[in-house]
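>>> everything below, folded, please.
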Amino acid sequence: MPTGIGTSAFRTLRADLSPDSTSDRPKTADPFADLYCPEPLRIDEPLGERVNERVLAWATEIGFPPSVLKMLRTAGFGRFAMLAHPDSNDVDRLFATAAWTAALTVMDDYYCDDEALGADPDRLGARLTLALAAIDRGRLVGEYQTRLDAAVAADPLLAALRSSVDELSRYGTPSQLGRALFENDHFFIGTTGEMSWRTTGEMPPVWQYLAARQVNSFLPCITTTDLVSGYLLPADLYFEPGVRRACKLLGLTTVVVNDLYSMAKESAQDSPDGGLPLVVSAERGCSLEEAAAISVGIHNDLMHAFDDQCRDLAAVPSIELQLFLAGIRNWAAGSREWHRSSIRFQPNE
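Here you go, the predicted structure:
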């Protein structure tokens, strides 16, 4: 057993892998109580509210309209950061990852999900290309650079994306920031893939949907775990195949959680968006309720596979790796708590 800095988190990881480790923790009323997912290690509402206020002040300064400010206020991305990163009390670092999560969510709403907010399948590719130029600064010359920078500054969404990356760069190393941008590139590819199904009316098989959803996941945000906590997982370890498998499995569990907790709101719409229960229902010819139960089982299989992978990786003599694996599992716990308690996912919102 390792000793020294980070050992307590290493022991926490091993304890969390015990099948009964969360059984004695209180659970709130939950339509998906059978989900195999740990309970959050910390619920500090005052801290979450402090980070929320930072997010709202930032969004106001960026120039977002009242409708976006209302969404950010009700969604509570500062609370999300507080729940997902229980080993950090640093409001500045929590704000950095909360702003990144908020900016990407607003982009997803306005570019991909909600046609009432201006989402347009025909314009998605061009919009995402420009968003990438805002996030991973486009490098032009002369007047072309001036025009690009002016376009980013004039659009609150593009400005928020660029600003959120600037906030992350205050605390992250080039490899940590590059890792987040790498995962974000995958996220953008995934959004275009899902939009193609929507425009053609095609319902993919479950395996293909899961493969696409793994690309279009929360990994751009999950991967900031070490940045928020103030240590560095080396790039060679992050991209080691076993670690990569663990991250991709964990990332997929979190978007299945998103699909489940948004199911009621989505199904109440005239044209429901995708989501694993809907895809399962179409493939198996079963009710949405039965499909939701099957989806819970898929999530649980993924989470058990993640735990098994972490057990295999426990032999790697890296405190940073063990901290990171414990941290991303805590991220999943916080995300699940946020999804089941956020007003954002209520049908009447």
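
>>> use CA for all of it now, contacts and neighbours both
Noted.

>>> what about Glu320, how many neighbours?
Glu320 sits with 20 neighbouring residues when counted by other Cα atoms under 10 Å.

>>> go on, the one 5 residues further on?
Other residues near Leu325 come to 27 when the count uses other Cα under 10 Å.

>>> repeat for Ala211
Neighbour count for Ala211, taken as other Cα under 10 Å: 12.

>>> can you tell me how far it sits from Ser217?
10 Å (Cα to Cα, to the nearest Å).

>>> what does Cys37 give?
With Cα to Cα as the criterion, Cys37 and Ser217 are 17 Å apart.

>>> and these two? Which one has more around it.
Ser217 (26 against 23).

>>> in contact with that one, which residues?
Phe187, Gly251, Leu252, Thr254, Val255 (Cα atoms under 8 Å, 6 or more residues apart in numbering).

>>> what about 7 Å?
Neighbour list for Ser217: Phe187, Gly251, Leu252, Val255 [criterion: Cα atoms under 7 Å, 6 or more residues apart in numbering].

>>> what distance do you get for it to Thr223?
11 Å.

>>> C-terminal to the host helix or strand of Ala150, what's the next element?
Taking DSSP states H and E as the definition, Ala150 sits inside helix 142-154. Where DSSP H and E defines the elements, the next helix or strand beyond helix 142-154 is helix 156-169.

>>> any idea which helix or strand carries Asn184?
Under the criterion of DSSP H and E, Asn184 resides in helix 174-200.

>>> please name every helix or strand in contact with that helix.
For helix 174-200, the packing partners by 3 or more Cα pairs under 7 Å, 6 or more residues apart in numbering; DSSP states H and E come out as helix 206-215, helix 219-222.

>>> per-residue confidence averaged over the last one?
The reference is to helix 219-222. The predicted model gives helix 219-222 an average pLDDT of 97.

>>> quick one: list the elements packing against the helix or strand following it.
Remark: after helix 219-222, the chain's next helix or strand is helix 225-229, criterion DSSP H and E. The contact analysis (3+ Cα pairs under 7 Å, 6+ apart) places helix 225-229 against helix 319-341.

>>> packing partners for the helix it packs on?
Applying 3+ Cα pairs under 7 Å, 6+ apart, we find helix 319-341 packed against helix 7-16, helix 77-84, helix 225-229, helix 241-261.

>>> dump those to JSON lines, plus distance to Pro156 and mean pLDDT.
Listed next are those as JSON lines, based on distance: least, Cα to Cα, whole Å; pLDDT from 0 to 100:
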{"stretch": "helix 7-16", "distance to Pro156": "39", "mean pLDDT": "39"}
{"stretch": "helix 77-84", "distance to Pro156": "18", "mean pLDDT": "98"}
{"stretch": "helix 225-229", "distance to Pro156": "25", "mean pLDDT": "98"}
{"stretch": "helix 241-261", "distance to Pro156": "26", "mean pLDDT": "97"}
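
>>> please report how far Thr253 lies from Glu167.
27 Å.

>>> over to Trp207?
Trp207 is 37 Å from Glu167, by Cα to Cα.

>>> show me what contacts the most centrally placed residue in the chain?
Central residue of the chain (Cα atoms, centre = their mean): Phe218, 2.6 Å from the mean position. For Phe218, the contacting residues are Gly251, Thr254, Val255, by Cα under 7 Å, 6+ apart.

>>> do the same with Asp149
Residues near Asp149 by Cα under 7 Å, 6+ apart: none.

>>> need the pLDDT of it.
97.

>>> what does Gly6 give?
Reading off the model, Gly6 has pLDDT 38.

>>> now swap in Ser267 and tell me
At Ser267, pLDDT is 64.

>>> ditto for the one 10 residues further on
At Pro277, the model reports a pLDDT of 95.

>>> now swap in Leu124 and tell me
Leu124 is given a pLDDT of 88.

>>> residues in contact with it?
Residues in contact with Leu124 (Cα under 7 Å, 6+ apart) are Tyr111.

>>> swap in 8 Å and give it another go.
Contact analysis of Leu124 by Cα under 8 Å, 6+ apart lists Tyr111, Cys112, Thr192.

>>> may I ask which of those residues has the most neighbours?
Top of these by neighbour count (other Cα under 10 Å): Cys112, with 23 neighbours.

>>> settle this for me: it is touching Met195, isn't it.
Yes. With contacts counted by Cα atoms under 8 Å, Cys112 reaches Met195, the gap being 7.3 Å.

>>> sorry, back to before: more neighbours, Trp207 and Glu167?
Neighbours per residue (other Cα under 10 Å) separate Trp207 from Glu167, with Glu167 holding more: 18 against 11.
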